[in-house]
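*Asks:* Okay, sequence plus prediction incoming.
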2 protein chains.
Amino acid sequence: MSKAIVTGHRNPDTDSITSAIAYAYFKQQRGADAIAVRLGEINKETEYALTQFNTEAPVLASDDVVEGREEIILVDHNEFQQSIENVERFKITEVIDHHRIANFETMDPLYYRAEPVGCTATILLKIFKEHQIAIPKNIAGLMLSAIISDSLLFKSPTCTDEDIDAAEELAQLAEVDAQEYGLNMLKAGADLSEKTVNELVTLDAKEFEVGVHRLEIAQVNTVDVEDVLKQKAAIEERLDVIVQEKGLKVFLFVITDILNNDSTILASGTDLDKVERAFEMKLDDNCALLKGVVSRKKQIAPVLMKEFS
Amino acid sequence: MSKAIVTGHRNPDTDSITSAIAYAYFKQQRGADAIAVRLGEINKETEYALTQFNTEAPVLASDDVVEGREEIILVDHNEFQQSIENVERFKITEVIDHHRIANFETMDPLYYRAEPVGCTATILLKIFKEHQIAIPKNIAGLMLSAIISDSLLFKSPTCTDEDIDAAEELAQLAEVDAQEYGLNMLKAGADLSEKTVNELVTLDAKEFEVGVHRLEIAQVNTVDVEDVLKQKAAIEERLDVIVQEKGLKVFLFVITDILNNDSTILASGTDLDKVERAFEMKLDDNCALLKGVVSRKKQIAPVLMKEFS
């Protein structure tokens, strides 16, 4: 039997970690030799979820771990630059995702399931049901956590009715109150007090390519934007270094206020005029408040990318 | 409400035409304003199926027809060079396909459903069932025709158990005997007597890109390979012209014997040594018999492309 790894994206968020766990479990139930792996450190929000639902984190995808495993299943991403290094060394047999498709290619037909919903876990719930495989309580809790995380407790514009319905169903299976549990989880994730500046700008950073241009957008959630901005000078210095090293056109550092549901951005790069045009505003000392903006995927990345295409 | 077109690939085969019809019907049942279109002439096999099941062909995707329709749904393909010209002018909202993914990109999340089965219709049957939408007799017959076509009456290595089960279910809905109907349909499609040389080499031709290299593979089905080879000199002349015009590395013309289930290939291009290496044989006057080879997707395209990657 061929051996597979199931992985989410680099700088893994709660959806990437828990979807790897849930889908590896699903594949095992279907008789496959599949293990969940991760491509980076567990963040505080995910740690909270894993602890609450008493589940071990996936192992880090070291060379030792992937040795002898020829197949890979991507969850919560498809773009190669967001995946394991040299993903082409594996045979990509499946993708379960809810993002745009780009910089992705296979030699052979595969199972690819993407839906324009707010969270991979919402699609996974469908897949479990289609194959009538029961979801254990802890995995239901982790899938619920993913939906709460990606939708900012159902407030993000990426959140669909399907996500809300899925969360309700999963909350029942997990035997928790979604609102109460969700706010606690988000708060745990929004605790940035122990983060170094470098951690802040890399923890949930994603690269995007538009033609030859490379952009990067990092996002943190917080209940106190001003507290993060106390380190503005140091953050900007770090952004400038990354822009230089990677040859980025723009690095956006997005500080999302999970109580008020808007975001403050800090921009670095050579093409800040394009950032201003994209969001129809003027940067003030490289900084701007974007009212009502919380979703990188829907409200930030595509808007910025259009300026570069 | 946004308006959509549903289309299969250029040089449409039976799966591309009937899947556009079936999925447009599905979308209409779900309340969408979607119409099926086609990107080329109807071949004889498809014509036979449409006549048997008393259904009109989709309209040709002329500028007039697509005017005012901003969304596109791709069935049975994803690679942009196989799709409508300037496919990027549309918003690609969905893809239902069973091919490898390549040269495909979107700005936004979408519904993408690919499965490694033998035919798009097999996936469509699942989707109809998931949404509990009844399949009318004529559409069931067309979907059955697609599976028979893509699987060469279940003999192609691309044919999976799911395809066979789907065909059985569809044959019941269509009230036909799959074997009897299928052989008649394949024979109707294998009648090449009225085809010009140019028609033979373009009717079911597909382009493939490997890095900067472009390859093209055309395929015809027949019950009499020798009869096709009577025109070998004229076919080769035409292949050479296309290779020149398009700057192809290789053009393979594949003549598939649907009774014996093997294929004779005629090769043109600058890199015929790679053709020989790919299929581990020597070309004799640019010609070779490939025993047991009937599937472009599984046995020809990936094997050849590996030599160029």
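*Replies:* Noted; the coordinates are in hand.
*Asks:* Give me the contact list for the top strand by length along chain A.
*Replies:* Counting residues, the longest strand in chain A under DSSP state E turns out to be strand A:213-222. Residues from elsewhere that reach strand A:213-222, judged by CB atoms under 8 Å, 6 or more residues apart in numbering or on different chains: A:45, A:152, A:186, A:189-190, A:192, A:195, A:200-209, A:228, A:242, A:246-258, A:263, A:296, A:300-301, A:304-305, A:308. C-betas here are computed from N, CA, C, even on glycine.
*Asks:* What about residue A:102, how many residues nearby?
*Replies:* 18 (other CB atoms under 10 Å in any protein chain shown).
*Asks:* Do you know the pLDDT at it?
*Replies:* For residue A:102, the model assigns a pLDDT of 94.
*Asks:* Return the distance of the closest residue to it other than its chain neighbours relative to residue A:211.
*Replies:* Excluding the flanking residues, the one nearest residue A:102 by CB to CB, 6 or more residues apart in numbering or on different chains is residue B:105, at 4.6 Å. With distances taken as CB to CB, to the nearest Å, residue B:105 is found 11 Å from residue A:211.
*Asks:* What residues does chain A have near chain B?
*Replies:* A:98-116, A:130, A:297, A:302, A:305-306, A:309 (CB under 8 Å from any CB of the partner chain).
*Asks:* what do you get if the cut-off is 7 Å, keeping everything else the same?
*Replies:* For chain A, the residues in contact with chain B (CB under 7 Å from any CB of the partner chain) are A:98-102, A:104-116, A:130, A:302, A:305.
*Asks:* Which members of those occur in helices, if any?
*Replies:* Mapping the residues of chain A next to chain B onto helices (DSSP state H) picks out A:130, A:302, A:305.
*Asks:* What about those, which one has the most neighbours?
*Replies:* Result: residue A:305 is most packed of these (other CB under 10 Å), 21 neighbours.
*Asks:* State whether that residue and residue A:211 are indeed in contact, as I suppose.
*Replies:* No: judged on CB atoms under 7 Å, residue A:305 makes no contact with residue A:211 at a distance of 10.0 Å.
*Asks:* in which helix or strand would I find residue A:226?
*Replies:* helix A:225-229 (DSSP states H and E).
*Asks:* Quick check: mean pLDDT of stretch A:294-309?
*Replies:* pLDDT averaged over stretch A:294-309 gives 92.
*Asks:* And for stretch A:174-190?
*Replies:* 95.
*Asks:* CA atoms of that stretch as PDB?
*Replies:* Output of stretch A:174-190 as PDB, limited to C-alpha atoms (Å, rounded to 0.1, in the frame of the first residue of the first chain):
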ATOM      1  CA  ALA A 174     -18.100  18.200  20.200                       C
ATOM      2  CA  GLU A 175     -20.500  19.000  23.000                       C
ATOM      3  CA  VAL A 176     -19.500  22.600  23.400                       C
ATOM      4  CA  ASP A 177     -21.200  26.000  23.000                       C
ATOM      5  CA  ALA A 178     -19.700  27.500  19.800                       C
ATOM      6  CA  GLN A 179     -19.900  31.100  20.900                       C
ATOM      7  CA  GLU A 180     -18.400  30.600  24.300                       C
ATOM      8  CA  TYR A 181     -15.700  28.200  23.300                       C
ATOM      9  CA  GLY A 182     -15.000  30.300  20.200                       C
ATOM     10  CA  LEU A 183     -14.400  33.500  21.900                       C
ATOM     11  CA  ASN A 184     -12.100  31.800  24.400                       C
ATOM     12  CA  MET A 185     -10.100  30.200  21.600                       C
ATOM     13  CA  LEU A 186      -9.800  33.500  19.700                       C
ATOM     14  CA  LYS A 187      -8.600  35.300  22.800                       C
ATOM     15  CA  ALA A 188      -6.000  32.600  23.500                       C
ATOM     16  CA  GLY A 189      -4.800  33.100  19.900                       C
ATOM     17  CA  ALA A 190      -4.800  36.900  20.200                       C
END
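*Asks:* Could you check how far the closest residue to chain B within the stretch 201-309 of chain A is from residue A:308?
*Replies:* Across the stretch 201-309 of chain A, no residue is closer to chain B than residue A:302, which sits at 5.5 Å (CB to the nearest CB). Using CB to CB, one gets 11 Å for the distance from residue A:302 to residue A:308.
*Asks:* Could you measure from the residue nearest to residue A:102 over to residue B:61?
*Replies:* For residue B:105 relative to residue B:61 (CB to CB), the value is 21 Å.
*Asks:* Over to residue A:164?
*Replies:* 37 Å.
*Asks:* do residue A:248 as well
*Replies:* 40 Å.
*Asks:* ok, now residue A:294?
*Replies:* Distance from residue A:294 to residue B:61, by CB to CB: 39 Å.
*Asks:* More neighbours: those two, which one.
*Replies:* residue A:294 (25 against 22).
*Asks:* SS state for the more buried one?
*Replies:* The three-state label given to residue A:294 by DSSP: H, G, I helix; E, B strand; the rest coil is coil.
*Asks:* from what I can see it touches residue A:260, true?
*Replies:* No: the criterion here is CB under 7 Å, and residue A:294 misses it with residue A:260 at 9.5 Å.
*Asks:* so where is the stretch 101-250 of chain A shaky, pLDDT-wise?
*Replies:* Residues of the stretch 101-250 of chain A meeting the criterion pLDDT under 70: none.
*Asks:* Okay, helices next: where are they in it?
*Replies:* For the stretch 101-250 of chain A, applying DSSP state H, counting those that start in this stretch gives helices covering A:120-130, A:137-151, A:161-174, A:178-189, A:197-202, A:225-229, A:232-246.
*Asks:* Using a markdown table, lay out those helices together with distance to residue A:23.
*Replies:* Supplementary listing: the helices of the stretch 101-250 of chain A in a markdown table, determined by distance: least, CB to CB, whole Å:
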| stretch | distance to residue A:23 |
| --- | --- |
| helix A:120-130 | 6 |
| helix A:137-151 | 10 |
| helix A:161-174 | 15 |
| helix A:178-189 | 21 |
| helix A:197-202 | 26 |
| helix A:225-229 | 33 |
| helix A:232-246 | 31 |
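*Asks:* closest one to residue A:283 among these?
*Replies:* For the helices of the stretch 101-250 of chain A, the distance to residue A:283 is smallest for helix A:232-246, at 11.8 Å, taking CB to CB.
*Asks:* starting at the chain centroid, how far to that closest one?
*Replies:* What separates the centre of helix A:232-246 from the centre of its chain is 22 Å, taken as CA atoms, centre = their mean, to the nearest Å.
*Asks:* Run the chain-centre distance for the helix or strand just after it.
*Replies:* For helix A:232-246, the following helix or strand on the C-terminal side (DSSP H and E) is strand A:250-257. How far strand A:250-257 lies from its chain's middle: 14 Å, per CA atoms, centre = their mean.
*Asks:* Just the C-alpha atoms of strand A:250-257, please, in CSV.
*Replies:* Coordinates of each C-alpha in strand A:250-257 appear next as CSV, following Å, rounded to 0.1, in the frame of the first residue of the first chain:
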residue,chain,number,x,y,z
VAL,A,250,5.1,44.7,-0.9
PHE,A,251,5.0,43.2,2.5
LEU,A,252,1.7,43.9,4.4
PHE,A,253,1.5,43.3,8.1
VAL,A,254,-2.1,43.1,9.0
ILE,A,255,-3.2,43.6,12.6
THR,A,256,-6.8,42.4,12.9
ASP,A,257,-9.0,43.6,15.8
